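Peer 1: Build me a structure from this.
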Amino acid sequence: MKRIISVLLAAMMMFTLAVSAFAAPGSFLQTTTGKVGQTYEVSSLKVEVTKDADGTREAVVVTSTKAKTSKQVTIPATVTIQGDKFDIVGIKENAFKDYTKQTKLVIKTKKLASVGKKAVRNTKKITVYVPSGKKAAYSKLFKDAGITKVQYKINK
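Peer 2: Residues are numbered from 1 along each chain as shown. Predicted structure coming up:
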């Protein structure tokens, strides 16, 4: 009986190791990083780690860029922070406020779920480039945030 239990436990441990080795990022095996609420600089962006729209996984929102003088800001689909990969799911309130030279916002993520109020306040008329199939959803996010002087185009 002890031998059967030992074999079963060993098999379960091997199965668990095999599954965790091949699990996709963001799967049920992903653990939290303990970074929620912390702000990081990644490439030209400043981001804050938060939870995704479901509250199930860690993700990031864009809080601003390193320089306010950029004519174009690009928001990628994901960022890597200290070896951990995060989806970008939002643009925080006032993220690009007073970016007077900005005319282009390129959004590459298809997981954008929120745009903060006045995220692009006091900018010139801005053109927002969005992923294919997301124009209606993203224009609604911007409109709901009170941002109406925007022209939308599809990313190429």
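
Peer 1: show me where the chain has strands.
Peer 2: Secondary structure of the chain by DSSP state E: the strands cover 39-42, 45-51, 58-65, 72-75, 78-81, 84-91, 104-107, 114-115, 126-130, 150-154.

Peer 1: Taking the centroid of the chain, which residue is nearest it?
Peer 2: I88 (0.6 Å; C-alpha atoms, centre = their mean).

Peer 1: neighbours of the spatially closest residue to that one that is not a sequence neighbour, just the number please.
Peer 2: Leaving aside its sequence neighbours, I88 sits nearest to T109 (C-beta to C-beta, 6 or more residues apart in numbering; 4.5 Å). Quick note: C-beta positions are derived from backbone N, CA and C, even for glycine. By other C-beta atoms under 10 Å, 23 other residues sit near T109.

Peer 1: which residues touch T109?
Peer 2: Taking C-beta atoms under 8 Å, 6 or more residues apart in numbering, we find T109 in contact with I75, P76, A77, T78, D87, I88, V89, P131.

Peer 1: Can you say which of those are buried?
Peer 2: I75, D87, I88, V89, P131 (16 or more other C-beta atoms under 10 Å).

Peer 1: which of those lies closest to V150?
Peer 2: I75 (14.5 Å; C-beta to C-beta).

Peer 1: measure the closest one to A145 for me?
Peer 2: 15 Å (C-beta to C-beta, to the nearest Å).
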